[in-house]
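S.K.: What follows is a protein structure lacking sequence information:
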């Protein structure tokens, strides 16, 4: 693992900066590099340091000397001039100011907390919690948000008092006041006229790969889709030796899900390897992911990512290059297409719908329940805005009031995660559904679920994660792209043409990687079922979820619908595993003595 941490205060005291950095260091690696001045201190592992004339800069990304010049000239506005993937902290003793910032997609996380007049910050919530002034109790609202969204959306973090910077956001501390500011927001072009957007996509990807590549250390995770194939083709073209590519399959899959990746590897001439993941691999991956991820890992795809990262590391690779961001920025995937396109009913003339169909159908639904009632429900759902449809389709809400202990629900706002989705949707700088969905992914799904799972899997394997689709050039190209290219046929056409430019003769056979059949394996494999059962049973003892819900989920619901309920089992299991690996003994349920066991300290 790598990152940075530190503190800034007008009232400095003897604070354990080296102790804060312990979670950022790799086992057996060199000690963190520490630096201090009269108002602050930083510690770095795998990041860069600038210390001159009362200015301390801990920077994960671009050169710190360039950032020092920008800070002295432009102050907090320096963030807008930066590019690439970064996270940094500037501690200025002369100005008595501090600045924290992350890049436009928050590819590198940064947490902070104000403790009196002291600003604490770290790349990891665990590192921040090691400071004696930081909070160590878990935020019940963060638990609820995680179970609702399979992620903890910013600015909230798992521990009370901690906050996380959002994509394109900075925190400026001056005169004792901390101010959060968006220095960048995605602004979409709704009516682009580019006749050849596929060429622009190919150029943007080429810039991303050429600007950040390591021919000797890069390996590509091939999912069978156009996004990962394009990346492998670019790396192959840029380097002299065949690029290393890896693909993941799942035991018991008889549909040839690996064949698209094999075809791509043959066309590229890459050094290709595959691994088949089974239930035993999931059982072994769960504790490793719980230890490596900064929060509960809500994405089961991390199991496949961990297998690929370990295979790449064993072959000598130092980075795993993934296509994370491609689906979210360009509308690839069935779920995005379903939400972005208008329903067939909505495309009917408004007069026909409002004057004929709806009055008749709604009267019949009230008199004759069953088919007509279901038709009315589908019509109402198709006419609802996307945030309402997301809320209606949420699996956690579908369970009803049987999930949580009443004492736990008293401490949370059940409407908060849906409100965050609605705020991202309606706050987008674009009008089309396709662009609003991109904004929703950039604000919540990517920085809080997808990227942490990828980073955690790579960290557990001892290699770095790289995601060229989240480079500034590709993100800017997505903002300029017309909405019609971000949904279904338009996205297929765009990537098909771009892939033909980058890898001539390569066809796009699959929309993406195969899905982990977790629900089916939970029913068939005794070891995985025992791990899940023990984890959920221990979680029920923490008085968060009800035991009868856990029993019903494992005994009946999982057999009825393995895919959605298997995903629920995963989120609950990873929450309990995170508690165990982070050495938390309970959940902060407030002051009621019968609610829960108090938290133990974080070592």
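M.R.: Everything's here; your move. For clarity, every value in this text was computed on a predicted model and none was experimentally measured.
S.K.: and residue 247, how far is that from residue 282?
M.R.: Distance, residue 247 to residue 282, by C-beta to C-beta, to the nearest Å: 18 Å. C-betas here are computed from N, CA, C, even on glycine.
S.K.: repeat for residue 552
M.R.: Residue 552 is 23 Å from residue 282, where distance means C-beta to C-beta.
S.K.: Those two: which has the busier surroundings?
M.R.: Ranked by neighbour count (other C-beta atoms under 10 Å), residue 552 and residue 282 place residue 282 first, with 27 against 15.
S.K.: quick one: the top helix by length along the chain to chain centroid distance?
M.R.: Using DSSP state H to define each element, the chain has its longest helix at helix 562-581. For helix 562-581, the distance from its own C-alpha centre to the chain's C-alpha centre is 16 Å (C-alpha atoms, centre = their mean, to the nearest Å).
S.K.: Can you get me the start-to-end distance on stretch 320-333?
M.R.: Using C-alpha to C-alpha, to the nearest Å, the end-to-end distance of stretch 320-333 comes out at 22 Å.
S.K.: Just the residues contacting stretch 181-188, thanks.
M.R.: The contact list for stretch 181-188 (C-beta atoms under 8 Å, 6 or more residues apart in numbering) reads 76-77, 79-80, 101, 104, 166-172, 428-430, 432, 435, 438-439, 442, 475, 479, 483.
S.K.: Can you go through those and name the buried ones?
M.R.: Neighbour counting by 16 or more other C-beta atoms under 10 Å classes 76, 79, 101, 104, 166-172, 428, 430, 432, 435, 438-439, 442, 475, 479, 483 among these as buried.
S.K.: Return the subset of these lying in helices.
M.R.: Reading helices off the buried ones among the contacts of stretch 181-188 with DSSP H, I get 435, 438-439, 475, 479.
S.K.: Strands of the stretch 151-300 of the chain, residue ranges please.
M.R.: Taking DSSP state E, counting those that start in this stretch as the test, the strands found in the stretch 151-300 of the chain are 163-164, 169-174, 177-182, 218-221, 244-250, 271-277.
S.K.: do you know which of those lies nearest residue 49?
M.R.: Residue 49 sits nearest to strand 169-174 of all the strands of the stretch 151-300 of the chain, at 19.5 Å, using C-beta to C-beta.
S.K.: residues in contact with the closest one?
M.R.: Strand 169-174 is contacted from outside by 8, 76, 79, 95-102, 106, 112, 119, 165, 178-183, using C-beta under 8 Å, 6+ apart.
S.K.: and if you look at stretch 462-472?
M.R.: Residues from elsewhere that reach stretch 462-472, judged by C-beta under 8 Å, 6+ apart: 26, 83-85, 104-105, 107, 204-205, 207-209, 211-212, 218, 227, 231, 309, 312-313, 317-326, 329, 446, 451, 454-455, 457-459, 474.
S.K.: rerun that using 7 Å as the cut-off
M.R.: By C-beta atoms under 7 Å, 6 or more residues apart in numbering, the residues outside stretch 462-472 that reach it are 83-84, 104-105, 107, 205, 208-209, 212, 227, 231, 309, 312-313, 317-326, 329, 454-455, 458, 474.
S.K.: and what of stretch 145-156?
M.R.: With C-beta under 7 Å, 6+ apart, stretch 145-156 has contacts from 139, 141-142, 158, 163-164, 166, 295-296, 298-299, 394, 396, 416-417, 420, 444, 447-449, 571, 575.
S.K.: same question, stretch 227-236
M.R.: Residues from elsewhere that reach stretch 227-236 (C-beta under 7 Å, 6+ apart): 205-206, 209, 213, 218, 220-222, 242-243, 245, 264, 268, 270, 321, 323, 326, 332, 468-469, 495, 498-499, 502-503, 506.
S.K.: Average pLDDT for it, rounded please.
M.R.: Mean pLDDT, stretch 227-236: 86.
S.K.: Wait, residue 558 touches residue 568, no?
M.R.: No. Residue 558 is beyond contact range of residue 568, at 8.6 Å (criterion: C-beta atoms under 7 Å).
S.K.: What about residue 70, how many residues nearby?
M.R.: 18.
S.K.: Excluding sequence neighbours, find me the nearest residue to it.
M.R.: Closest residue to residue 70 apart from its sequence neighbours, by C-beta to C-beta, 6 or more residues apart in numbering: residue 78 at 3.6 Å.
S.K.: Now for the one you found: which residues touch it?
M.R.: Taking C-beta under 7 Å, 6+ apart, we find residue 78 in contact with 67, 70-71.
S.K.: which parts of stretch 48-65 are buried?
M.R.: For stretch 48-65, burial by neighbour count (16+ other C-beta under 10 Å) applies to 48-51, 55-62, 64.
S.K.: The residues you listed in helices, which ones?
M.R.: Short answer: these in helices (DSSP H) are residue 64.
S.K.: of all the buried residues of stretch 48-65, which comes closest to residue 519?
M.R.: For the buried residues of stretch 48-65, the closest approach to residue 519 (C-beta to C-beta) belongs to residue 60, at 37.9 Å.
S.K.: Would you confirm that that closest one contacts residue 47?
M.R.: Yes. Applying C-beta under 7 Å, one finds residue 60 in contact with residue 47, separated by 4.2 Å.
S.K.: Now do the shared contacts for those two.
M.R.: Taking C-beta under 7 Å, 6+ apart as the criterion, residue 60 and residue 47 both touch 3-4.
S.K.: Provide a list of residue ranges in the stretch 351-500 of the chain with pLDDT below threshold.
M.R.: 351-355, 357-358, 361-383 (pLDDT under 70).
S.K.: which stretches of the stretch 451-600 of the chain form strands?
M.R.: According to DSSP E, counting those that start in this stretch, the stretch 451-600 of the chain carries its strands in the segments 464-466.
S.K.: Selection in PyMOL covering whichever of the contacts of stretch 145-156 are buried, please.
M.R.: Those of these that count as buried under 16+ other C-beta under 10 Å are selected in PyMOL with:
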select buried, resi 139+141+142+158+163+164+166+295+296+298+299+396+417+420+444+447+448+449+571+575
